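In: From the sequence below, what's the structure:
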Amino acid sequence: MSVIKRFQHWSKMLATGLVMTAITAGNVTASDEKIALVGGRLIDGYGHQPIGNSVILIENGVIQAVGQVDSLAIPDDFRVVSTEGHDVLPGLWENHAHLMLTGHADYEHWRKHYTDRLVDEIMPASAVQLLLAGITSVRDLGAPLDASLIVRQRIRDGEIPGPNLYISGPFIQNAPYPGTDHYRWGVDGVDDARAKVNQLADAGVDFIKLVDQDTMTREEAQAVISQAHARGLKVIGHSHRPNEIRIGLELGIDNFEHTGLTTAPEYPADVMQALKERTATGRVAGGPLFWTPTVEGLWNYQLTVANPERLDNTCWHRGLADDTIADIQASLAKPGQLAYMQLTPLRKPTLKRKIQQLRDAGVVFLTGTDSGIPTKFHCQSTWNELAVWVDEMDIPAMDAIRAATYWPAVFMQVDDIYGTVAPGKIADIIAVKGDVLRYINLLQDVKMVMKDGVIYKYDGQVIEARL
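Out: Sure thing, here's the model as predicted:
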C-alpha cells in the first residue's frame, strides 16, 4: 500500500472510530511501540511555518523522524495514528503551578485539613489533571520538600500518571508566614541562607524559589542567589513590589513571576530602565531574562463572578475524594466575596499596560498561571492564560505557544530533549482539532495527549487503562 493510500485508509478508520477502538483496547499503550502520527498540521515549537500533512515517527518514546506524507515513508512495522484535521504541537508547559493546592478559597483551612493528604491524594490529582489538559511538563513552585520529592519520583517511576515535574520545594524568604513553615523556609543570616540552598540542592530540587527578597538583608538575598547558581540551580523570584524587581535584577534572579505592583498603573521608569539594561546583555548575562506574568486569574475574575459556571466543570474532580470535592465547592459558593480577590477588579485595568511594558523591555515570557490558587483549577488554567494573552493582550498566537513549549525547555536547560517536535526529542506531543493559531482557545479541549510516546488521551477520550 502506498504512503498516500495508507494515510487515506487510516483517516477513514479515524472517521469511523476504528482507530480509537484499537487504542482503547490497549494496542497503543507502551512507550516501546513504534507509532506514526499522520496527517495533522505540525506546529513544532520553533516558530516557523507549520508543516501540513505531517508525519512523526516515534520509537521507544523518542521521535525518530519528522516529515510529510508525500515525502516520509512510514515503515510497515509502525502503527499509524491519524491526526488528520488537527493541529499537532509539543506538549505544553505550566510554568507556575501549585500541586499542593486545588482551587480551594481558604488557605488556612486547606493547610490545616489537607497537608497530610498531599502525597496520597492532592498532588497526584493535580498531576493527572494537568497531564490530561495537555500539560506534559510542570514547574511546581513551593510545596513541602518531602511531598514534592515523593510525588516527582512516583511520576518518574510510572507509579502515577503526571507531567515531567520540576520542583522548588519550599519557598525561601525572610520569614515564613504564620503556619506555613512546612513549605516556606525563613533565613537568618548569610550562613543560614547558604545552608538552606544547600539543603534543597542536596535533596535534588530543580531550582530555587525566592520571595520577599526586598525584606531580607542584601547580603542574605545575595547569598541565596549566588549559592543557588554555584550549585547549578536557577532562581525564580516574585515581582510583587518594585524593590523585589530592583533587588532581584541587581543580584541575578533568572525568572520573575507575576505582573505585581497591585493597583499601580505601570512599572516605575527606573525599573523599566533596569529591565532594558538586563535584557540588552542577553547571553553575556547567562541567557534571556524570563518572566511569567500569571495574568489570567486577574483578568477573568470578574467574568467568573458574573458567570461562575466554569467552576462546576467536573474536570477538576479527577483524583480527589468526595469530601475534598465537596469542601472545595463549598469554599467557592460565593466567588464574588472571596477576600483573596477583593483588590482584583482594581488591578485589571493596569494589566495591559504592564504586559506591554514587559514586552517592550524585551523579556522572554513563559506561560504560567498560579494554577491551584482559589478558583484556578489545574485542568483549566493554562489554556485560559494563553487565551487571555492572545485575545486580550495582543500577543501573537505563535509567540504564546512558544512561551508554553520551546522557551520553558530552554529555561530549564532541557531543550535538547523537550520543547519541540524534532528527531531525537522525547515524544511529548498534543493535538487539537482545528486551527489553534486562529482560535487559541481550542486548547481547552485537547484531543490527544502523548507523553514519553504513550498516548493517555485520544479523540478527546481519556484512556483510563493508562491511569
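
In: residue ranges with poor pLDDT in the stretch 151-300 of the chain?
Out: 283-286 (pLDDT under 70).

In: Strands of the stretch 251-400 of the chain, residue ranges please.
Out: Ranges of strands in the stretch 251-400 of the chain, per DSSP state E, counting those that start in this stretch, are 255-257, 290-292, 364-365.

In: could I get the ones you listed as TSV with distance to Pro345 and mean neighbour count?
Out: All C-beta atoms are positioned from the backbone trio N, CA, C, and that covers glycine. Output for the strands of the stretch 251-400 of the chain, formatted as TSV (distance: least, CB to CB, whole Å; neighbours: other CB atoms under 10 Å):
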stretch	distance to Pro345	mean neighbour count
strand 255-257	22	26
strand 290-292	23	25
strand 364-365	24	21
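
In: so which of these gets nearest Asp327?
Out: The closest of these to Asp327 is strand 255-257. By CB to CB, the value is 27.6 Å.

In: closest to Pro50 out of the strands of the stretch 251-400 of the chain?
Out: Nearest to Pro50 among the strands of the stretch 251-400 of the chain is strand 364-365; the distance by CB to CB comes to 20.7 Å.

In: Just checking: what are the partner strands of that closest one?
Out: strand 290-292 (parallel) (DSSP bridges).

In: quick one: the partner strand to chain centroid distance?
Out: Between the centre of strand 290-292 and the centre of its chain there are 12 Å (CA atoms, centre = their mean, to the nearest Å).

In: hang on, the earlier thing: and Gly47, which of the strands of the stretch 251-400 of the chain is closest to it?
Out: Closest to Gly47 of those is strand 364-365 (CB to CB; 12.4 Å).

In: what's next to the closest one, contact-wise?
Out: Outside of strand 364-365, the residues within contact range by CB atoms under 8 Å, 6 or more residues apart in numbering are 288-293, 358-359, 389, 395, 399, 403, 407.

In: Weed out the non-buried ones from the residues you listed.
Out: The neighbour-count criterion (16 or more other CB atoms under 10 Å) marks 288-293, 358-359, 389, 395, 399, 403, 407 among those as buried.

In: List the contacts of Ser137.
Out: By CB under 8 Å, 6+ apart, the contact set of Ser137 is 91-94, 163-166, 408-409, 412, 418, 428.

In: what's the answer for Arg359, then?
Out: The contact partners of Arg359, taken as CB under 8 Å, 6+ apart, are 365, 395.

In: Now do it against His48, distance only.
Out: Relative to His48, Arg359 is positioned 21 Å away (CB to CB, to the nearest Å).

In: contacting residues for Leu251?
Out: Counting by CB under 8 Å, 6+ apart, Leu251 touches 213, 218, 221-222, 225-226.

In: and of the residues you listed, the nearest to Cys379?
Out: Nearest to Cys379 out of the contacts of Leu251 is Gln213 (CB to CB; 32.4 Å).
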